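Q: Sharing a model that was predicted from the sequence below.
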Amino acid sequence: MSTTSPSQRRYEKTRQGILDAARAILRESGIEGISIRTLAERVDYSPSAIYKYFDSKEAILAALREEGWRLSEAMSAEMDFTGMSPVEMILAGGMNYMRFARTYPEYFKLMLSSEYAESQTMNEIFNNPDFAGLTPLIEAGIQAGQIELPEGVSILHARLMMWFLVHGASIIEISLMGEQREEFEQAANEVFVAATKLMAPKKV
């Protein structure tokens, strides 16, 4: 049985309706298309009514960004790594990163927008769980004899290389590929595989 009052439920329903409208505008017009005025017009409220639920445009974008992270985490949780080697898990994770960008391009662009994302130091970025999760996979690959980093190349370098590749591929796909997406995804997968081969032990 719900413990919330009817007024609380109405509040949350209205708040979610505003977020749904903001998401639609984000998908249609990008971040620049969202304003308190355009939202008020979309949901047929006065701008002052919107402020009862969100203090500012930035607060609305922050709520949408949180929704995006929850969707990203849910998509990652659906992945089945059973029987995969560490290298295969790295590759699968990279393709899943692209899948999220492809499925939710409006969230992807907002979550990674430097204008609206929370400011972080480089150390905070490197230790972010979504980024640092590659570390145990690379370490496991090294222990399993599947990965051998060249002299002077650290685990952080390897993490950055894979991140640069999958993020760059994701941006290119959602921005430029259109009808060629399926062919591009195949090419991206081949590039990711080639990158892991650069870290493979050298045959003597």
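A: Alright, I've got the coordinates.

Q: Give the buried residues for stretch 3-20.
A: Neighbour counts over stretch 3-20 (16 or more other Cβ atoms under 10 Å) mark 14-15, 18-19 as buried. All C-beta atoms are positioned from the backbone trio N, CA, C, and that covers glycine.

Q: same thing with stretch 140-147?
A: 140-142, 146-147.

Q: Centre of the chain to that stretch, how far?
A: The chain centroid and the centroid of stretch 140-147 are separated by 27 Å under Cα atoms, centre = their mean, to the nearest Å.

Q: tell me the contacts of A22?
A: Listed by Cβ atoms under 8 Å, 6 or more residues apart in numbering, the contact partners of A22 are 34, 39, 60-61, 64.

Q: Please identify the helix or strand for it.
A: Using DSSP states H and E, A22 falls within helix 6-29.

Q: Dump that helix to CSV, restricted to CA.
A: Below are the C-alpha coordinates for helix 6-29, written out as CSV (Å, rounded to 0.1, in the frame of the first residue of the first chain):
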residue,chain,number,x,y,z
PRO,A,6,-2.8,12.0,-3.0
SER,A,7,-1.2,15.5,-3.1
GLN,A,8,2.3,14.0,-3.2
ARG,A,9,1.4,11.6,-5.9
ARG,A,10,-0.1,14.5,-8.0
TYR,A,11,3.1,16.5,-7.4
GLU,A,12,5.3,13.6,-8.6
LYS,A,13,3.1,12.9,-11.6
THR,A,14,3.2,16.6,-12.7
ARG,A,15,6.9,16.7,-12.1
GLN,A,16,7.5,13.6,-14.2
GLY,A,17,5.2,15.1,-16.9
ILE,A,18,7.5,18.1,-17.0
LEU,A,19,10.5,15.9,-17.3
ASP,A,20,8.9,13.9,-20.1
ALA,A,21,8.2,17.1,-22.0
ALA,A,22,11.8,18.2,-21.5
ARG,A,23,13.0,14.9,-22.8
ALA,A,24,10.9,15.3,-25.9
ILE,A,25,12.3,18.8,-26.5
LEU,A,26,15.8,17.5,-25.9
ARG,A,27,15.3,14.8,-28.5
GLU,A,28,13.8,17.2,-31.0
SER,A,29,15.8,20.4,-30.6
